[in-house]
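S.K.: Need a 3D model of the following:
(2 chains)
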Amino acid sequence: MRALFQCLLILSVHFSFSQNYSYHTIPAELMENADAVARLDEMDIRIEAMDRMTYTARQVVTVLNKSGDAFARTRAFYDKEKKIKKIEAVVYDASGNEIQRIKRRDFNDIAAVDGFSLYLDDRLLYYRYVPVQYPYTLEFSYEIETSDTGILPPWYFLSGYDISVEESKYAISYLSNGLKPIIEESNLFDITVDKDESQGKISYTAKNIPAVVAESLSPSFNAICPKLSVRLPNFHYKGYNAKVDNWNDLGLWIQKELLSGRADLEDGTVQKVRGLVEGVDDDIEKAKIVYQYMQDNTRYISVQIGIGGFQPISAIEVDRVKYGDCKGLSNYTMALLKAVGVESYYAVVEAGGTKVDFKEDFADLSQGNHAIVAIPYQGEYYWIDCTSQVHPFGFIGDFTDDRKVLIVKPDGGEIVTTTSYVNEENLMRMTSTYTIQEDLSLEADVTIETMGVRYDNHFGLEGNKKEDIIEYYKNFWGNINGLSISDFSFENNRDDVVFTEKVQLKAHDFVSKNGDDYLLTLNVLDNNSFIPPRYRNRKHSFVIQRGYLDEDEFTIQLPKNFAFTFLPEKHKEEIKFGTYEVEVVKKSDTELLYKRKLLIKKGNYPKEDYNKYRSFRRTIAKMDNQKIVLKRQDL
Amino acid sequence: MVFNLAGLLSAQQASEFGVLDQFEKDFKSYEKDTTAAAIYLYEKGENYFEARQGYIWLITTYHAKKKILKKQGFDEAEIIIPYYRAKSGKERVNAIKAMTHNGNRRQVVSSDKIFDVDVNERLSQIKFTFPSVEVGSVLEYSYEIQSPFFYNLSGWEFQSRIPKLYSEYNAKIPGNFKYNRSLIGEIGLDVNDASIKKSCFSVPGISQRADCEVLKYVMKDVPAFKEDEEYMLSSDNYRSTLEFELSEYVSLDGIKQKFTKTWRDVDKEFRTDKDIGGQLRKKNFFEKNVELDLITGGESDLEKAKNIYGFVKEHYTWNNRYSIFRNNNVKDAFDRRTGNVAEINITLINLLNAADIKTDLMVLSTRSHGLPKRNHPVMSNFNYVVAKTTIDGNEYLLDATEKEMPFGMLPYRCLNYYGRVMDLDGESYWFDILPEKNNSRSVQVKMELKDGKAVGTLDDITMGYEAFFKRDEVAKTSKGKYLDEMEKEMDDDFVIQTYETNSEKSDERTLVEHFEFELQNMNMDNTVFFNPFVVRFFATNPFKSEQRYYPIDFGFLRNYRYMANIKIPEGYRVKEFPEVVNLALPDQSALLRFECKEYQGIINVYFNFKLNSTQYNSEGYAYIKKFFERAVNVQNQSYLVLEKL
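M.R.: Here you go, the predicted model:
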């Protein structure tokens, strides 16, 4: 049985050589919108044992222009458990003639960097190919052997926007039924896929997938891409075995292999935090004090060593050096909380501005890139991110909000949803009194209050240098030409999560002279000119992830020798995406009150609505830029 | 107070690792710069030579104490020590010591938390961070680098992104080594000592001992180096640094090895260097490997040169590397059709010489690499080579790395004032880099307002660098995406109907693009406010800072023109025009004009923004800033006012 199995494999690998990669044979429909065409994208995974897996990949990509270079990949990562057995690249010209062969010794062997870690123990082989003509075809193949079967490479039938695919083949074979993988198919409805399942092997083949163009506000590529997620219920990872049927099992495994025994603290530290919460009974009040203590005494430093970057460094070690990464700081905070008798759970999340859920019925280690802490209290969870030295207790902002995450409880893992911030909760309230001076300049006192994710976007200002703050305002009000900032002050209410900015600003030549008229833009302080781009033929739905509310009130004072002619009428528009309301009220001959409200509502809207949304935004952009005509009285 | 400081300084000079004095412990904020988030209390480095295991090594020792003054200064806790390796040998970092002082508490960085990372085939880094960092921490570290590369005695950076109270550099250089040195920046040295120490250097097994030059340089109260915003030359031109360059080395057996001393030496070295001089003499190879026509064709020299330039640009794809003094092999590069700057331009020089058009190599420094020293040759000042040729009495500088670059123009990165022409048959000489003068973008619009739309044509005429940038952008992507980007830059209602380049009116230095467009959703009320700028050259002022520390340098002259003919719609008449603007900076160094006129039912709009100089000093910053502000205002805030009859 085994001999036959291997024979077949060898045969199939040999068989697929001797292809012609001439550019001229690419079907026309695959050239449309494509910077590159994947002629063949092939992955062949063999699960030989719970702790032995080999996979062979071959990518043949014809690159049509410079933007397509990124698709001609020539790199492979490895680590202690993962060995690169073979690696090679071949370059062909437009007609498919071989022009260069890149052998293993030509590849550079270097340390991996991720741009934010002090150290990672991953490495990679890479070759920097400089194309000499377009189109060209690059064939890249490698074979990897690893004892880690806990993370299987997912399969993307499309590897990104602007690339089409002639043929995509994925096969996974397994030596015994106990090694049979579970495969989750996503978004396969748009493409034609042949699936073949036989004894010990599952394979998929897709042909002629046209390129997809990125569209503004569309769901993330990951959410629309046809792909396979693959996992083994019985796997081996960095020296540990696991049997995982569901999240509960995976949670137990994380508890046992990655967390247990790492939460001890020195007696001195335990006594110290207990001292801090003395006289406090309520668990949440205690947790606040502990979180503050952790924030004041540690900083975030990423060092990724040990169980593939999955295991936190011990609480004792974090306590000693006063730094750690997300896992280390979460584990440390949990240890501190435990010391004062507050229960908390380690949580794994896919962090980032784009909300990505853990898949409820597909438990594997590949999901999640960040760790936070959940504190259960009266039937709900408080969430804290321990990598931040500044976030208020229980406030996680738009980095980990409103998504399904894994929490690790003593009795197993569980999927729960983090706190959400939507629509009116994301409020920015701007009030101002501004005066137009006789020399046509502007002087304004502005107060900005922010809450929800708006708070998250603003409160960081407090920790910046003065010159950076001034630069920030100059960009924030980039629409005001000749702006200068006279003064500013902040108030950060961490208990209620409200950030208040008070800013004094000036702008000369604010009112523009146009013939005998003077033009005054009513709303320059909260001027929203965003209009999503036009598409002749939009393909995807559009997503407003969180929504927000703006509320503005400006008192505008004119110099005595100026008068306004007429005022715009009140405008109110209420549609499914939100509400927009503007009103200008005459207070006296030289004083106006400008009121504006803009609500944008969270939602996943069908593509048919996109043009309506654009026209809504266009109205807003135009109305926000509305001007009134002033006349000089003394001339 | 004065007394205290003096006491401090004498203590500093013999600072022992792990020990802080009272001043260092108590230091809380820096009066001269209260914005500083961290400060070097003390920094000392030394270079000397030492024989170890039968070889002579260049030793660098470094010792620093930084104090964290604010939370924003925590980044200063991350330390990166770069070191290098080559086929001929490699550097080692030894004796790394690092410790955090919090009051009297001291905590060392353990060796398992010091990481060694190989970044690429030449560069490695030692990386670590300090434990228990808080406001008030003193972070102290020291290390030694043992190097086989004598040219790595390259000097000392006195100025960094945080201020320094005290920075000291020492060098002990045996008489058989000679280094050129130069001080860059505006700040003077507080100590500048040189003395001779007798018999200071010896090698086991050789009885003769060499004398050393002992050097000591100190700067006190060095302010933080501020980076400027856009349009500037390299900050290396301004940062306070002491630069050393190896010029001569006499080995113990008495053989003298000259590195750089005079341009005459350099000239000689170039002739024999295998990476440069050797590569310049591959005429025969190229004669055999290109179509004979290319070099012997019957056209004029200028035409021949242009053909060769075109051929080299077409043949090669630049690999984005400079590496001019190393790893050059034009024959290999030619076969691979890809190469670094030197390989591509040396190919060009070889071919031009093969065609009997006398061409030399010119070395220069890119804008980001700083201006080369004029007084003596410092070869590490140069990082780029181009071809310099004379045809019919006209001088040309050529660089074949950019496919869209016209003959005789250099890429923007090369517009750094001067370079040195290495005439292999005669003597080298300085040569000025004069950027193309004729750079402009002119937009000519004709349009008509009707049925709630503006319909018209737009000619976008770019010249010189402006044309190059456009062509480069077009070449990178597909036409569809280029047009999408164009539309995005304009008003939301701007729709491009057709697009073509006018090949008749375009040439190497001029690009004429013709668009038919529609501006939708025009509001045709009783009174119409219409901003005539379909294209805006700047959406916002690129200059935002209140203060400028260094000169503004645009690299090349700029000229933007916008001309529109707008037909007044039926039933409307002009009510008002925007103000006429006519501004100039002193000596006409910059001009701004804007005027609208009506003539026979057509509105003529004329706008011109022109910089007549490429460099403006920092004192002139306020004027330039204001000037851009006006230009932005004119484009954003001007309205033609039409009213219904």
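S.K.: and the gap between the closest residue to chain B within chain A and A:Thr521?
M.R.: Across chain A, the shortest distance to chain B (Cβ to the nearest Cβ) belongs to A:Gly515, at 3.0 Å. To be clear about C-beta, it is placed using only N, CA and C from the backbone, and glycine gets the same treatment. Per Cβ to Cβ, to the nearest Å, A:Gly515 is found 17 Å from A:Thr521.
S.K.: How about the residues of the stretch 101-250 of chain B by chain A?
M.R.: Contact residues, the stretch 101-250 of chain B versus chain A (Cβ under 8 Å from any Cβ of the partner chain): B:107, B:113, B:115, B:117-121, B:127-129, B:131-134.
S.K.: In the residues you listed, which residue is surrounded by the most others?
M.R.: B:Val133 (26 neighbours; other Cβ atoms under 10 Å in any protein chain shown).
S.K.: about what we covered before: can you give me the neighbour number for the spatially closest residue to the residue of chain A closest to chain B that is not a sequence neighbour?
M.R.: In space, and not counting its chain neighbours, A:Gly515 is closest to B:Glu576: 3.0 Å by Cβ to Cβ, 6 or more residues apart in numbering or on different chains. Look at B:Glu576: counted by other Cβ under 10 Å, it has 18 neighbours.
S.K.: Over to A:Asp509?
M.R.: Burial measure for A:Asp509: 17 neighbouring residues, criterion other Cβ under 10 Å.
S.K.: on that earlier part again, quick check: the farthest pair among the residues of the stretch 101-250 of chain B next to chain A?
M.R.: Taking Cβ to Cβ as the measure, these span a maximum distance of 39.3 Å, between B:Glu121 and B:Glu134.
S.K.: one step back: A:Gly515 and A:Thr521 - which one has more neighbours?
M.R.: For A:Gly515 and A:Thr521, the more surrounded residue by other Cβ under 10 Å is A:Thr521, and the numbers stand at 20 against 16.
S.K.: from memory that one sits against A:Asn625, does it?
M.R.: Yes - contact criterion Cβ atoms under 8 Å: A:Thr521 and A:Asn625 qualify, at 6.5 Å.
S.K.: Give me the common contacts of those two.
M.R.: Listed as contacting both A:Thr521 and A:Asn625 by Cβ atoms under 8 Å, 6 or more residues apart in numbering or on different chains are A:Asn527.
S.K.: Please, which helix or strand holds B:Asn350?
M.R.: Using DSSP states H and E, B:Asn350 sits in helix B:341-354.
S.K.: which helices and strands does that helix pack with?
M.R.: Applying 3 or more Cβ pairs under 8 Å, 6 or more residues apart in numbering or on different chains; DSSP states H and E, one finds that helix B:341-354 contacts helix B:283-289, helix B:292-296, helix B:301-315, helix B:330-336, strand B:359-364, strand B:384-391.
S.K.: Give me the average confidence score over it.
M.R.: Mean pLDDT, helix B:341-354: 92.
S.K.: Could you check the angle it makes with strand B:384-391?
M.R.: 20 degrees (axes from the mean of the first three to the mean of the last three Cα atoms, to 10 degrees).
S.K.: Please state the offset of stretch B:294-310 from the chain centre?
M.R.: Centroid separation for stretch B:294-310 versus its chain: 33 Å, with Cα atoms, centre = their mean, to the nearest Å.
S.K.: Just the helices from the stretch 501-645 of chain B, written as ranges.
M.R.: B:621-637 (DSSP state H, counting those that start in this stretch).
S.K.: Can you pull the residues of it lying near chain A?
M.R.: With Cβ under 8 Å from any Cβ as the criterion, the stretch 501-645 of chain B comes near chain A at residues B:521, B:529, B:540-541, B:544-546, B:575-579, B:629-630, B:632-633, B:636-639, B:641.
S.K.: And the residues you listed, which of them are buried?
M.R.: Burial by neighbour count, judged by 16 or more other Cβ atoms under 10 Å in any protein chain shown, picks out B:529, B:540-541, B:544-545, B:575-579, B:629-630, B:632-633, B:636-639, B:641 from these.
S.K.: Excluding covalently adjacent residues, which one is nearest to residue 604?
M.R.: If you meant another chain, say so; for now it's chain A. A:Val543 (5.2 Å).
S.K.: actually it's chain B I care about, not the one you picked
M.R.: Once flanking residues are discounted, B:Asn604 sits nearest to B:Lys597: 4.9 Å by Cβ to Cβ, 6+ apart.
S.K.: any idea how far chain A is from that neighbour?
M.R.: 13 Å (Cβ to the nearest Cβ, to the nearest Å).
S.K.: burial measure for that residue, as a count.
M.R.: Neighbours of B:Lys597 under the rule other Cβ under 10 Å: 12.
S.K.: Per-residue pLDDT of A:Ser168, please?
M.R.: A:Ser168 carries a pLDDT value of 96.
S.K.: Tell me which of the residues of the stretch 101-250 of chain B next to chain A fall in helices.
M.R.: Here DSSP state H is the test, and these give no hits in helices at all.
S.K.: so where is the stretch 1-150 of chain A shaky, pLDDT-wise?
M.R.: Applying pLDDT under 70 to the stretch 1-150 of chain A picks out residues A:1-19, A:115.
S.K.: returning to that earlier point: test my guess that the residue nearest to A:Asn604 contacts A:Ser218.
M.R.: Yes - the pair A:Val543 / A:Ser218 is scored as a contact, 7.1 Å apart, by Cβ under 8 Å.
S.K.: More neighbours: which of these two?
M.R.: Neighbour count, other Cβ under 10 Å: between A:Val543 and A:Ser218, A:Ser218 has more, with 21 against 17.
S.K.: Just the pLDDT for the more buried one.
M.R.: 94.
S.K.: residue contacts, it?
M.R.: By Cβ under 8 Å, 6+ apart, A:Ser218 lies in contact with A:Ile224, A:His540, A:Ser541, A:Phe542, A:Val543.
S.K.: The residue most central in space within chain A is in what secondary structure piece?
M.R.: When Cα atoms, centre = their mean is applied to chain A, the residue found nearest the centroid is A:Gly352 (3.2 Å). Following DSSP H and E, there is no helix or strand that holds A:Gly352.
S.K.: How about the contacts made by the residue of chain B found nearest chain A?
M.R.: Of all residues in chain B, B:Glu576 sits closest to chain A, at 3.0 Å by Cβ to the nearest Cβ. By Cβ under 8 Å, 6+ apart, the residues touching B:Glu576 are A:Asn514, A:Gly515, A:Asp516, A:Asp517, B:Tyr639, B:Leu640, B:Val641.
S.K.: Quick check: the residue lying closest to the first one once chain neighbours are set aside vs B:Asn565, distance?
M.R.: So that's A:Asn514. Counting by Cβ to Cβ, 6+ apart, A:Asn514 lies nearest to B:Pro578, which is 4.8 Å off, once chain neighbours are set aside. B:Pro578 sits 16 Å away from B:Asn565, going by Cβ to Cβ.
S.K.: And B:Met99, by the same measure?
M.R.: As judged by Cβ to Cβ, B:Met99 and B:Asn565 stand 74 Å apart.
S.K.: Hmm, A:Phe107 is touching A:Arg123, no?
M.R.: No - applying Cβ under 8 Å, one finds A:Phe107 not in contact with A:Arg123, separated by 11.4 Å.
S.K.: more crowded one of the two?
M.R.: A count of neighbours by other Cβ under 10 Å puts A:Phe107 above the other of A:Phe107 and A:Arg123, at 21 against 17.
S.K.: so where do the helices sit in chain A?
M.R.: Under the criterion DSSP H, helices of chain A are mapped to A:2-15, A:28-31, A:221-224, A:247-253, A:267-276, A:283-297, A:315-321, A:326-339, A:397-400, A:452-458, A:466-476, A:610-624.
S.K.: so who does A:Phe566 touch?
M.R.: Applying Cβ under 8 Å, 6+ apart, we find A:Phe566 in contact with A:Ile628, A:Val629.
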